[in-house]
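1. Fold the stuff below for me.
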Amino acid sequence: MFILCMDIGKTKTLAIVLNEKGEVLGKFTSGPSGMWLKEETVMKNVREAIEGCLSISRLSLGDIGLISISWADLDTPKDWENAWRVIEKIGINREKVLIEHDAVAAYYALTLGEPGVAVIAGTGSIGFGVNSRGERMRSSGWGWLIGDEGSAYWIAVRALNAISRAYDGRGEKTILSSMVSEYFGVERELEILDKIYKELKCDPTEISKIARIVDEAASRGDKVAETILEDAGRELALAALCIIRGLGMENEKIVVGGLGSVFKSKIVRDTFLKAVREWAPNAIVKEPLIGEESILGPIVMAFKKLGLRLSEEGIKDFLERIK
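-> Numbers count the residues shown, from 1 in each chain. A predicted model of the protein is given here:
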């Protein structure tokens, strides 16, 4: 049997075709397809990812036995309705499709379905967990205007605020001022306003890219940048802690971990891991999954759906091959 697994996010759409042994036959990446985007954008990028992956795999849609999808922004019944409409418009039989919110998929990627908590930190952020009684809970994930604390967007906005404060004399001086100005190709900090509001039109995906500059500034010893990243790590750990407490798992041996590009930052990663270990001493804390490793979520979902076994050794081998 051939399985098509997709990780659909705010930044990109990744598709992988594999067989029941876990052997990857094809991989393709297209643009973002989170459900908060316009339907035509979602349709274009989802279709492109599927067709590109099938072409590389030398397979047709009819050869695929199951399509397992991790999909960002499925927060309301309307979001789910829109997602299924996209699937149907592309011409896929919905009986062949398994869809979960990307936070749920992250949980499966990190815990393999055992009791525990996963925290996603990419463009946005969200935590999700399940206890031994099957009770579910989420935390954060309210979007860039309301929450998403610890996400790349949140980090970027904190950096922009720090730049404005430093410029006015209301805050501490930071090399973020010169680094972000250089990134945008402007001479004065005030010109960043044109870039953010007029050129980027406050696009969260584009603004989130500033988070990489914050990590670089921190590596050069900038205290403002370090503080922003430490705060991000604690916020992400707090999302996990709320779920642990909410589901009554404080004294249980559960799996906790993170997933997403923000965890590439050593400061964020170390702060997150330290805080989780302090707040949940009985937890088995896993190293974060980063980059294309997030596709492991829909793969685990697919194998469970089909009643297939996915060994720890097989997972390690798979993760090595997609790096």
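2. give me every residue that touches the closest residue to Trp154 other than its chain neighbours.
-> With sequence-adjacent residues excluded and distances taken as CB to CB, 6 or more residues apart in numbering, Trp154 is closest to Asp148, at 5.5 Å. Backbone N, C-alpha and C define where each C-beta goes, glycine included. Taking CB atoms under 8 Å, 6 or more residues apart in numbering as the criterion, Asp148 is in contact with Gly124, Ser125, Ile126, Ser140, Gly141, Trp142, Trp154.
3. in what helix or strand does the closest residue in space to the first one that isn't next to it in sequence lie?
-> Leaving aside its sequence neighbours, Gly124 sits nearest to Asp148 (CB to CB, 6+ apart; 4.4 Å). In this assignment (DSSP states H and E), Asp148 forms part of neither any helix nor any strand.
4. Ramachandran angles for Asp148?
-> phi 60, psi 40 (degrees, to the nearest 10).
5. what's the pLDDT at it?
-> Each residue has a pLDDT score; the one for Asp148 is 90.
6. Look up how far Leu200 lies from it.
-> Asp148 sits 17 Å away from Leu200, going by CB to CB, to the nearest Å.
7. same question, Gly65
-> For Gly65, the distance to Leu200 - CB to CB - is 42 Å.
8. ok, back up a step: would you turn the contacts of Asp148 into CSV with neighbour count and pLDDT?
-> Formatted as CSV, the contacts of Asp148 follow (neighbours: other CB atoms under 10 Å; pLDDT from 0 to 100):
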residue, neighbour count, pLDDT
Gly124, 33, 88
Ser125, 30, 93
Ile126, 30, 92
Ser140, 28, 92
Gly141, 24, 83
Trp142, 14, 87
Trp154, 26, 96
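9. Tell me the one of those residues nearest Pro77?
-> Ranked by distance to Pro77 (CB to CB), these are led by Gly141 at 16.2 Å.
10. ok, now which ones touch Ser181?
-> Glu187, Arg188, Glu189, Glu191, Ile192 are the contacts of Ser181 under CB under 8 Å, 6+ apart.
11. Give the rounded mean pLDDT of the helix or strand harbouring it.
-> In this structure, Ser181 is located in helix 176-184 according to DSSP H and E. Per-residue pLDDT over helix 176-184 has a mean of 94.
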